[in-house]
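Provided below for reference: sequence and predicted model.
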Amino acid sequence: MAQLAKMRTTGPTKRKMLRIKGDTSWAYAFIAVALVVYAVFTAYPVVSALIISFQEYKPLGSQFVGWENYANTFTDSLFWKSIKNTIVYTVLTVPVSLFLSFVIAIMIHPLRKGMQTTFKAIYYLPAVASGVALSVVWLWIFDPMTSGILNQLLGLFGITNQNWLGSSSTAMFSLVLMAWLSSHGTSIIIYLAALLGIDHSYYEAAELDGASFLQKIWYIVIPCLKPTTLFLLVTGVIGSFQVFQNAYLMTGGGPDNATTMVGLLIFNNAFKYFEFGEAAAQSLILTVIIASISLLQFKFMGNDIEY
């Protein structure tokens, strides 16, 4: 009898364990797809870049050169100029872009849901448009002749035509202006989602205390959106340090390397001069720089943030 009772109790338990094991197998199968994609398109290129950075890469046989590619990078004046250009571009674009996105999200937030959707679609449209098409539009805007829209507008105030992309004194500003006036859609949508998550009781309590609109923004909205702002700041800095398309399509890094960013320098070394080892070393150095800046941002801005 005792053995029969034991069989009755262990039977359902065993079937349950088999069913759980089967479900777990399916879970691992789905995870395996993502792991394979990550291994092929992320892990393998990183490991390959690390290996190539210590070689003079050749398709039919590479030669190990040790730290030579890193030494050449650190003694290359163009590399340090590209770092400087990238830092200037980041400092000028990221804070302004975050501020504009925040202000636009605040302006859209009180609207009806349908109007919110319309404005979100309008602001997000440049993100899905072709970068080449957008660059063609901006090349037309910056046209140095009278046909350029920007020069036409300045001409109304008696200002002579400027060669925006052909002068080293205005080329960087032109790329910064392009960043200021475009590509805010993602940040706006994220800010709007965060605004919708703020409890309305905070606003009601502030109104009872006689708080003004700006006081609500300063004491309620900004503190509540601090995790969102930190996220957008970190991703914005990472994106700006990797900027390539704008400089490549608009100026090609010129004039006189005034708009040569690190990403463009790596591209030129790899696919223009075929210095794959040096390009790999520069890409890994850029990775370390981006990771260090991100860690510093989390250290100094994320201490009092609760997720």
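Right, received. Where do you want to start?

residues touching Gln297, list them.
Leu230, Leu233, Val234, Val237 (C-beta atoms under 8 Å, 6 or more residues apart in numbering). For every residue, glycine as well, the C-beta is placed using N, CA and C.

now the closest residue to Lys120 other than its chain neighbours: how far from Val36?
Nearest residue to Lys120, sequence neighbours excluded (C-beta to C-beta, 6 or more residues apart in numbering): Ile189, at 5.5 Å. Noted for Ile189: a distance of 31 Å to Val36, by C-beta to C-beta, to the nearest Å.

neighbour count winner among the two?
Ile189 (19 against 10; other C-beta atoms under 10 Å).

helix or strand for that one, which one?
Using DSSP states H and E, Ile189 sits in helix 185-196.

Report the mean per-residue pLDDT for that helix.
If you average the pLDDT over helix 185-196, you get 92.

what's next to that helix, contact-wise?
97-98, 101-102, 104-106, 108-109, 116, 120, 123-127, 221, 224-225, 228, 231-232, 236.

Go through that helix and flag the buried ones.
Gly185, Thr186, Ser187, Ile188, Ile189, Ile190, Tyr191, Leu192, Ala194, Leu195 (16 or more other C-beta atoms under 10 Å).

now swap in stretch 112-119 and tell me
Gln116, Phe119.

How far away from the center of its chain is that stretch?
26 Å (C-alpha atoms, centre = their mean, to the nearest Å).

Roughly how far does Leu60 sit from Phe41?
Distance of Leu60 to Phe41, computed by C-beta to C-beta: 25 Å.

the more surrounded of these two?
Phe41 (9 against 4).

Count the residues that sit near the closest residue to Tyr202 other than its chain neighbours.
Spatially, and ignoring its direct neighbours in sequence, Tyr202 is nearest to Ile220 (5.0 Å; C-beta to C-beta, 6+ apart). Other residues within reach of Ile220, judged by other C-beta under 10 Å, total 17.

I'd like the buried residues of helix 185-196 laid out as TSV, including distance to Phe64.
Below are the buried residues of helix 185-196 laid out as TSV (distance: C-beta to C-beta, whole Å):
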residue	distance to Phe64
Gly185	46
Thr186	43
Ser187	45
Ile188	49
Ile189	48
Ile190	46
Tyr191	49
Leu192	53
Ala194	50
Leu195	55
